[in-house]
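In: quick one: sequence and predicted model below, then my questions.
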Amino acid sequence: MDYLERFNLKGKTAFVVGGLGLLGLEVSKAMACAGAKVIILDLNLHKKDAFLKEMSSLKCDVIFQAFDCADEKQIEFSFNEILSRYQAVDIFVNCSYPRTPNWSQASFSGIDYKNLRENVDMHMNTYAWLAKQVADHMVKNHHKGSIIQFGSTYGIIGQDLTVYEGTDMKENMAYALIKGGITNLTRLMASYYGQWGIRVNTICPGGISGHVAGQGDQDAVFIENYSKKTPLKRLGRADEVASATLFLASDGASYISGTNLMVDGGWTII
Ligand SMILES: NC(=O)c1ccc[n+]([C@@H]2O[C@H](COP(=O)([O-])OP(=O)(O)OC[C@H]3O[C@@H](n4cnc5c(N)ncnc54)[C@H](O)[C@@H]3O)[C@@H](O)[C@H]2O)c1
């Protein structure tokens, strides 16, 4: 057995939705550096050119396709049209983070029904619908692939509110609902599509350091509170999440399906 070869993605095609975000960029890079042809679907145009240039200088095969998963027409029709250009879709990762401008008001005291409904629709429902379409495409083309959905520690446990003390941050009702839904749909999809050799898994990151799109840098007090509570005493890095995603995408994880891979420095075990 050539173990290293099991982690090689040469000859594989990988779709990364949200592939230009904080985590998506590293995920796209990891897949491309491991040899996959990567198709990024995102609406983040300002990061596109620099990233494609960097990938091309590394001789990596990365394509960008403008895509808005919050647009019903695009999710129902354009996505299928894009998929049909690639008979063999080996890897599908969704690490997009669609949210409304009033997302930060989704605490129990700040949220209204419209905010809840819109965010659940543009995040949870789109994750579900894209993954179903990809799985159906794999079945139709008799192709065994790997689907990876981005969840969060806060999709499997409640939020520890003590880490927000001394900051403006609050719990987010919509986030718990969305990520919990994504995580459990992963289990059902793994159960149903397993008969065709399709693997479906969730990656569950904990707090990751870096600039959060639309929110700026993370609060220093939050970082300190969060680090104290985590067994590894720090936030995670995007490359650490990308490495775990690469593992799930590769043949190295050929018997792993329906799981949540926690990448949280131990946060959820205490
Ligand atoms: N960063 C963290 O600390 C953290 C922790 C746990 C889980 N997560 C999860 O990881 C995933 C990625 O998070 P991130 O921090 O990289 O987010 P991010 O905001 O940095 O990136 C998200 C990407 O999604 C794209 N996107 C947003 N709306 C879109 C739409 N309608 N259509 C297509 N693309 C769209 C954005 O353009 C961006 O490139 C999310 O699902 C998030 O919930 C993140």
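Out: Looks like it came in fine. Numbering: from 1, shown residues only.
In: and the strands in the stretch 1-150 of the chain, which stretches?
Out: 13-17, 37-42, 62-66, 91-94, 146-150 (DSSP state E, counting those that start in this stretch).
In: who touches the longest one?
Out: Same thing as strand 37-42. With C-beta atoms under 8 Å, 6 or more residues apart in numbering as the test, strand 37-42 has contacts from 12-21, 24, 28, 31-32, 48, 55, 60-67, 69, 79, 82, 86, 96. In short, each C-beta sits where N, CA and C put it, glycine included.
In: tally of neighbours for Y86?
Out: 15 (other C-beta atoms under 10 Å).
In: right, I mislabeled it, should have said G155
Out: Neighbour count of G155, defined by other C-beta under 10 Å: 23.
In: next one: D217
Out: Residues within reach of D217, counting by other C-beta under 10 Å, total 10.
In: and what of K228?
Out: K228 has 10 neighbours, counted by other C-beta under 10 Å.
In: could you pull up phi and psi at it?
Out: Main-chain dihedrals, K228, degrees, to the nearest 10: phi -60, psi -40.
In: just D264 next, same as before
Out: Dihedral angles of D264 (phi, psi; degrees, to the nearest 10) stand at phi -140, psi 20.
In: gap between it and D2?
Out: According to C-beta to C-beta, to the nearest Å, D264 stands 31 Å off from D2.
In: what about the helices in the stretch 151-270 of the chain?
Out: 173-193, 220-229, 238-249 (DSSP state H, counting those that start in this stretch).
In: please report how far P205 lies from the ligand.
Out: Distance of P205 to the ligand, computed by C-beta to the nearest ligand atom, to the nearest Å: 4 Å.
In: just checking, that residue touches L22?
Out: No - with contacts counted by C-beta atoms under 8 Å, P205 stays clear of L22, the gap being 10.0 Å.
In: so the two - more neighbours on which side?
Out: Set P205 next to L22 and count neighbours by other C-beta under 10 Å: P205 wins out with 25 against 17.
In: list the contacts for the residue in the chain positioned nearest to the ligand?
Out: Per C-beta to the nearest ligand atom, G21 is where the chain lies closest to the ligand, at 1.9 Å. Residues near G21 by C-beta under 8 Å, 6+ apart: D42, N44, C95, S96, Y97, A213.
In: which among those end up buried?
Out: The neighbour count (16 or more other C-beta atoms under 10 Å) marks D42, N44, C95, S96, Y97 as buried among the contacts of G21.
In: for the nearest residue to the first one once chain neighbours are set aside, give its distance to S56.
Out: Take D42 and drop its neighbours on the chain: the residue closest to it by C-beta to C-beta, 6 or more residues apart in numbering is L20, 4.5 Å away. Applying C-beta to C-beta, the value for L20 to S56 is 15 Å.
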